[in-house]
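[1] generate a structure from the sequence data that follows.
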Amino acid sequence: MRLALYQPDIPQNAGAMMRLGACFRVPVDVIEPCGFPFDDKRLKRTAMDYGAACEVARHASWEDYIAALKARPGARLVLLTTSGAVPYSDFAFSPGDSLLLGRESRGVPDEVKAAADAAVRIPIAAEMRSLNVTTAAAIVLTEALRQLGIFSGKTTL
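    Modelled structure (predicted):
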(Lines give C-alpha, C1' and ligand atoms only; values in the text may rest on other atoms or scores of the structure.)
Protein backbone atom coordinates (compact mmCIF):
# COMPACT_ATOMS: atom_id res chain seq x y z
CA MET A 1 0.00 0.00 0.00
CA ARG A 2 1.28 3.48 -0.87
CA LEU A 3 0.06 7.07 -0.96
CA ALA A 4 0.79 9.17 -4.04
CA LEU A 5 0.50 12.95 -4.37
CA TYR A 6 0.09 14.32 -7.88
CA GLN A 7 1.85 17.68 -8.14
CA PRO A 8 0.86 18.93 -4.67
CA ASP A 9 0.25 22.67 -4.30
CA ILE A 10 0.41 23.12 -0.53
CA PRO A 11 3.49 22.16 1.51
CA GLN A 12 1.46 21.73 4.69
CA ASN A 13 -0.64 19.04 3.02
CA ALA A 14 2.48 17.27 1.74
CA GLY A 15 3.90 17.38 5.27
CA ALA A 16 0.67 16.06 6.77
CA MET A 17 0.64 13.27 4.17
CA MET A 18 4.20 12.34 5.18
CA ARG A 19 3.11 12.24 8.80
CA LEU A 20 0.19 9.98 7.83
CA GLY A 21 2.56 7.74 5.90
CA ALA A 22 4.98 7.56 8.84
CA CYS A 23 2.27 6.69 11.36
CA PHE A 24 0.87 3.86 9.23
CA ARG A 25 4.22 2.77 7.71
CA VAL A 26 2.96 3.58 4.21
CA PRO A 27 5.45 5.02 1.70
CA VAL A 28 4.56 8.31 0.02
CA ASP A 29 5.22 9.05 -3.65
CA VAL A 30 5.49 12.71 -4.64
CA ILE A 31 4.91 13.31 -8.34
CA GLU A 32 6.54 16.56 -9.38
CA PRO A 33 6.52 19.36 -10.22
CA CYS A 34 5.20 20.62 -6.91
CA GLY A 35 3.55 24.01 -6.49
CA PHE A 36 6.20 24.88 -3.89
CA PRO A 37 9.92 24.26 -3.45
CA PHE A 38 10.18 20.67 -2.21
CA ASP A 39 13.11 21.05 0.16
CA ASP A 40 14.14 19.87 3.61
CA LYS A 41 13.49 23.23 5.28
CA ARG A 42 9.83 23.41 4.29
CA LEU A 43 9.16 19.74 4.82
CA LYS A 44 10.78 19.68 8.26
CA ARG A 45 8.48 22.53 9.27
CA THR A 46 5.34 20.86 7.92
CA ALA A 47 6.07 17.19 8.62
CA MET A 48 7.68 18.02 11.96
CA ASP A 49 9.76 15.12 13.25
CA TYR A 50 7.72 12.57 11.29
CA GLY A 51 9.39 13.33 7.95
CA ALA A 52 12.45 11.22 8.71
CA ALA A 53 10.21 8.27 9.64
CA CYS A 54 8.40 8.32 6.30
CA GLU A 55 9.68 6.62 3.18
CA VAL A 56 9.31 9.27 0.47
CA ALA A 57 9.94 8.63 -3.22
CA ARG A 58 10.15 11.66 -5.50
CA HIS A 59 9.28 11.31 -9.17
CA ALA A 60 10.35 14.04 -11.60
CA SER A 61 7.26 13.56 -13.76
CA TRP A 62 4.04 11.62 -14.22
CA GLU A 63 5.81 9.38 -16.73
CA ASP A 64 8.56 8.57 -14.22
CA TYR A 65 5.95 7.73 -11.59
CA ILE A 66 4.02 5.41 -13.93
CA ALA A 67 7.24 3.60 -14.85
CA ALA A 68 8.01 3.05 -11.13
CA LEU A 69 4.43 1.92 -10.47
CA LYS A 70 4.50 -0.63 -13.31
CA ALA A 71 7.76 -2.05 -11.97
CA ARG A 72 6.05 -3.13 -8.73
CA PRO A 73 4.33 -6.54 -8.96
CA GLY A 74 0.60 -6.38 -8.18
CA ALA A 75 0.52 -2.57 -8.20
CA ARG A 76 -2.81 -0.87 -8.92
CA LEU A 77 -3.46 2.85 -9.17
CA VAL A 78 -6.55 3.86 -7.17
CA LEU A 79 -7.58 7.47 -7.73
CA LEU A 80 -9.44 9.29 -4.96
CA THR A 81 -11.77 11.71 -6.71
CA THR A 82 -15.11 13.40 -6.16
CA SER A 83 -16.20 11.90 -9.49
CA GLY A 84 -15.22 8.33 -8.57
CA ALA A 85 -17.54 5.59 -9.73
CA VAL A 86 -17.38 3.55 -6.51
CA PRO A 87 -17.72 4.61 -2.87
CA TYR A 88 -14.40 3.82 -1.15
CA SER A 89 -16.15 1.58 1.38
CA ASP A 90 -17.46 -0.67 -1.44
CA PHE A 91 -14.04 -1.07 -3.08
CA ALA A 92 -11.87 -4.16 -2.45
CA PHE A 93 -8.35 -2.90 -1.72
CA SER A 94 -5.19 -4.94 -2.31
CA PRO A 95 -1.74 -4.71 -0.67
CA GLY A 96 -0.15 -3.37 -3.89
CA ASP A 97 -2.54 -0.43 -4.24
CA SER A 98 -1.31 3.14 -4.58
CA LEU A 99 -3.87 5.68 -3.42
CA LEU A 100 -3.48 8.70 -5.70
CA LEU A 101 -4.58 12.18 -4.65
CA GLY A 102 -4.68 15.11 -7.05
CA ARG A 103 -3.59 18.70 -6.77
CA GLU A 104 -5.49 20.72 -4.22
CA SER A 105 -6.26 23.39 -6.83
CA ARG A 106 -7.17 21.26 -9.86
CA GLY A 107 -7.28 17.55 -9.11
CA VAL A 108 -5.72 15.50 -11.91
CA PRO A 109 -5.80 15.86 -15.70
CA ASP A 110 -7.67 13.44 -17.96
CA GLU A 111 -4.52 11.44 -18.82
CA VAL A 112 -4.04 10.66 -15.12
CA LYS A 113 -7.70 9.69 -14.70
CA ALA A 114 -7.40 7.39 -17.70
CA ALA A 115 -4.35 5.65 -16.21
CA ALA A 116 -6.13 4.77 -12.95
CA ASP A 117 -7.19 1.18 -12.43
CA ALA A 118 -10.06 2.41 -10.25
CA ALA A 119 -11.60 5.69 -9.11
CA VAL A 120 -13.18 5.84 -5.66
CA ARG A 121 -15.08 8.60 -3.91
CA ILE A 122 -15.94 9.53 -0.36
CA PRO A 123 -19.65 10.30 -0.12
CA ILE A 124 -20.12 13.79 1.36
CA ALA A 125 -22.99 16.27 1.64
CA ALA A 126 -24.27 17.17 -1.83
CA GLU A 127 -23.72 20.90 -1.37
CA MET A 128 -20.05 20.46 -0.36
CA ARG A 129 -17.27 20.48 -2.95
CA SER A 130 -14.60 18.24 -1.43
CA LEU A 131 -12.51 17.24 1.57
CA ASN A 132 -8.92 18.28 2.21
CA VAL A 133 -6.58 15.83 0.43
CA THR A 134 -4.94 14.65 3.64
CA THR A 135 -8.31 14.09 5.30
CA ALA A 136 -9.46 12.12 2.25
CA ALA A 137 -6.24 10.09 2.25
CA ALA A 138 -6.65 9.25 5.94
CA ILE A 139 -10.25 8.10 5.48
CA VAL A 140 -9.53 5.85 2.51
CA LEU A 141 -6.17 4.58 3.76
CA THR A 142 -7.73 3.55 7.07
CA GLU A 143 -10.44 1.57 5.25
CA ALA A 144 -7.87 -0.04 2.96
CA LEU A 145 -5.68 -1.09 5.90
CA ARG A 146 -8.74 -2.32 7.80
CA GLN A 147 -9.68 -4.52 4.84
CA LEU A 148 -6.13 -5.90 4.77
CA GLY A 149 -6.33 -6.88 8.43
CA ILE A 150 -3.86 -4.33 9.79
CA PHE A 151 -6.05 -3.31 12.74
CA SER A 152 -7.28 -6.80 13.65
CA GLY A 153 -3.86 -8.20 14.43
CA LYS A 154 -3.75 -10.37 11.28
CA THR A 155 -0.77 -8.36 10.08
CA THR A 156 1.33 -5.60 11.62
CA LEU A 157 2.42 -2.15 10.63
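[2] make it CA atoms for all contacts and neighbour counts henceforth
    Will do.
[3] next helix or strand past the worst-scoring helix or strand of the chain on mean pLDDT?
    In the chain, no helix or strand scores lower on mean pLDDT, DSSP states H and E than helix 40-47, which sits at a mean of 58. Beyond helix 40-47 on the C-terminal side, the first helix or strand identified by DSSP states H and E is strand 56-59.
[4] counting contacts, what elements does that following strand pack onto?
    When contacts are defined as 3 or more Cα pairs under 8 Å, 6 or more residues apart in numbering; DSSP states H and E, strand 56-59 sits against strand 28-31.
[5] which strands and helices sit next to the strand it packs on?
    Contact partners of strand 28-31 among helices and strands, from 3+ Cα pairs under 8 Å, 6+ apart: strand 2-6, helix 11-24, strand 56-59.
[6] strands paired with it, and their directions?
    Strands adjacent to strand 28-31 in the sheet, as given by DSSP bridges, are strand 2-6 (parallel), strand 56-59 (parallel).
[7] could you identify which of these is most buried?
    Across those, the average number of neighbours (mean count of other Cα atoms under 10 Å) peaks for strand 2-6, which reaches a mean of 24.
[8] where does the chain have low pLDDT?
    39-51, 153-157 (pLDDT under 70).
[9] who's in contact with the residue minimising distance to the centre of it?
    Note on the chain: the residue nearest the mean C-alpha position is residue 3, at 3.1 Å, using Cα atoms, centre = their mean. Neighbour list for residue 3: 21, 26-29, 98-101, 137 [criterion: Cα atoms under 8 Å, 6 or more residues apart in numbering].
[10] ditto for residue 21
    3, 27-28, 54-55.
[11] reformat the residues you listed as a markdown table; add distance to residue 143.
    A markdown table is the format used below for these (distance: Cα to Cα, whole Å):
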| residue | distance to residue 143 |
| --- | --- |
| 3 | 13 |
| 27 | 17 |
| 28 | 17 |
| 54 | 20 |
| 55 | 21 |
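[12] most surrounded residue in these?
    For those, neighbours were counted using other Cα atoms under 10 Å, and residue 28 has the most, 26 neighbours in all.
[13] so what's that one bridging to?
    Listed beta-bridge partners, residue 28: residue 3, residue 56 (assigned using DSSP bridges).
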